[in-house]
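Q: just to be clear, the model below is a prediction. Sequence and coordinates:
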Amino acid sequence: MKNYSDPLFNTLPVSTEDLDKYPGNNSTNQIPLKLTVSKENLTLTAQSTGQDSFPLEATAEGEFKFYQAGIVLKFNKDSDELTLEQGGGNYLFTKDK
């Protein structure tokens, strides 16, 4: 018998075509970090400079989370920008050309 409740994750199904617009290398002048977003089958992954890659779960249109580290990536559908939210910080990244 378990005495805890399972977390409620609001994962949304996303088509492979929808995921195709997110991969790329991203940089910011706010912190010395690059963020690479990749697509592996029907999963987006992200990897920051010097770190292992991690899977992202779609939680809303253009919004993906990595629950274990409290990371939220919000992609701007009208530009090549994304916002990384973690630990109370918000960092604006731009996709490298």
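A: Sure thing, it's come through.

Q: now the residue most central in space within the chain. Nearest residue, chain neighbours left out?
A: Centroid-nearest residue in the chain, with CA atoms, centre = their mean: residue 73, separated by 3.8 Å. Computed as CB to CB, 6 or more residues apart in numbering, the closest residue to residue 73 that is not its neighbour in sequence is residue 64, at 4.8 Å. C-beta here means a position set from N, CA and C on the backbone, and glycine is covered the same way.

Q: would you mark the buried spots in the helix or strand of the chain with the lowest mean pLDDT?
A: Using mean pLDDT, DSSP states H and E, helix 16-19 stands out as the lowest-scoring helix or strand of the chain, at a mean of 91. Neighbour-count burial for helix 16-19 flags residue 19 (criterion: 16 or more other CB atoms under 10 Å).

Q: what element comes up after that helix heading to the C-terminus?
A: strand 24-27 (DSSP states H and E).

Q: whichever strand or helix holds the residue nearest to residue 73 pairs with which strands?
A: Using DSSP H and E, residue 64 sits within strand 63-66. When sheet partners are counted by DSSP bridges, strand 63-66 sits next to strand 54-60 (antiparallel), strand 71-75 (antiparallel).

Q: which residues are in contact with the shortest one?
A: Residues outside strand 71-75 that contact it (CB atoms under 8 Å, 6 or more residues apart in numbering): 21-22, 37, 46, 54, 56, 59, 62-65, 81-86.

Q: could you flag which of the residues you listed are buried?
A: 22, 37, 46, 56, 59, 63, 64, 65, 82, 84.
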